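Colleague: attaching a predicted model along with its sequence, questions to come.
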Amino acid sequence: MPLKLLILDRDGVINFDSDAYIKSVEEWIPLPGSIEAIAQLSKAGWTVAVATNQSGIARGYYDLATLEAMHARLRALVAEQGGEVGLIVHCPHGPDEGCDCRKPKPGMLKAIAQHYGVPLAGVWFVGDSLGDLEAAKAVDSQPVLVKTGKGERTQAKSLPVGTLIFDDLAAIAAELIHN
Ligand SMILES: O=P(O)(O)OC[C@@H](O)[C@H]1O[C@@H](OP(=O)(O)O)[C@@H](O)[C@@H](O)[C@@H]1O
Ligand SMILES: [Mg+2]
Ligand SMILES: [Zn+2]
């Protein structure tokens, strides 16, 4: 049975985003239904991984310990609902550092696929920004846009061909679990 892998962007998909960055655990607030959606997917046999740009680290807005505390909170909330979160990969670099992991580059998606030993072709990558969708396209994954976070702004742009669009993560969970 091939692994059912779903990869999520974080800010604007799992939690509220802010143009001022999410700089503390207190600012990290789950979007309505997102924790439940991840738990339901997990309990339905999906492996839910996360690929998130975190240039706020390079910019000095928060440190790695704070980022890890946010992710511990995410894991605890999903565990309370009987589910679990898989690998969380972040890019700590700034836009001018030329790293291979910052979306729209697909380095984080490749790292997740390598971790699980599965191909990326067709794997849904859910994001709210154009860079998320471009990263998916770059490795033949399925770009999926949610309208939460920056999603409605992104929807007004020219999207990669074949991009799927959903209202939110709960709608994606319903689609994947019930179809
Ligand atoms: O959506 P993910 O990838 O989980 O994380 C996005 C965040 O790292 C931040 O990314 C920044 O973009 P720049 O990194 O400054 O271009 C801005 O868009 C912030 O509003 C946003 O909080
Ligand atoms: Mg985002
Ligand atoms: Zn990076």
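Modeller: All right, it came through fine. Given the structure is predicted, the values throughout are model-derived calculations rather than measurements. Ligands and ions are numbered 1, 2, ... in the order given.

Colleague: show me how far the lengthiest helix in the chain is from its chain's centre.
Modeller: Using DSSP state H, we find that the single longest helix of the chain is helix 64-80. Relative to its chain's centre, helix 64-80 lies at 14 Å (CA atoms, centre = their mean, to the nearest Å).

Colleague: what of stretch 34-42?
Modeller: Stretch 34-42 sits 13 Å away from the centroid of its parent chain (CA atoms, centre = their mean).

Colleague: what about it, near ligand 1?
Modeller: No: using CB under 6 Å from any ligand atom, stretch 34-42 stays clear of ligand 1, coming no nearer than 12.5 Å. (C-beta placed from N, C-alpha, C; glycine too.)

Colleague: ok, back up a step: from the contact counts, what lies against the longest helix of the chain?
Modeller: The contact analysis (3 or more CB pairs under 8 Å, 6 or more residues apart in numbering; DSSP states H and E) places helix 64-80 against helix 34-43, strand 88-91.

Colleague: at 6 Å instead, please
Modeller: Applying 3 or more CB pairs under 6 Å, 6 or more residues apart in numbering; DSSP states H and E, one finds that helix 64-80 contacts helix 34-43.

Colleague: just checking, next helix/strand downstream of the helix it packs on?
Modeller: Sequence-wise, the next helix or strand downstream of helix 34-43 (DSSP states H and E) is strand 46-53.

Colleague: what parts of this structure come near ligand 2?
Modeller: When proximity is defined by CB under 5 Å from the ion, the chain lies next to ligand 2 at Asp9, Asp11, Gly12, Asp128, Ser129.

Colleague: Lys157 versus the residue nearest to Arg102 when sequence neighbours are not counted, what's the distance?
Modeller: The shortest distance from Arg102 to any non-neighbouring residue, by CB to CB, 6 or more residues apart in numbering, is to Cys91 (4.4 Å). Going from Cys91 to Lys157 by CB to CB, to the nearest Å gives 21 Å.

Colleague: so between those two, which is more surrounded?
Modeller: Between Cys91 and Lys157, counted using other CB atoms under 10 Å, the more crowded position is Cys91 (21 against 10).

Colleague: only the buried residues of stretch 137-153, if you could.
Modeller: 137-139, 141-151 (16 or more other CB atoms under 10 Å).
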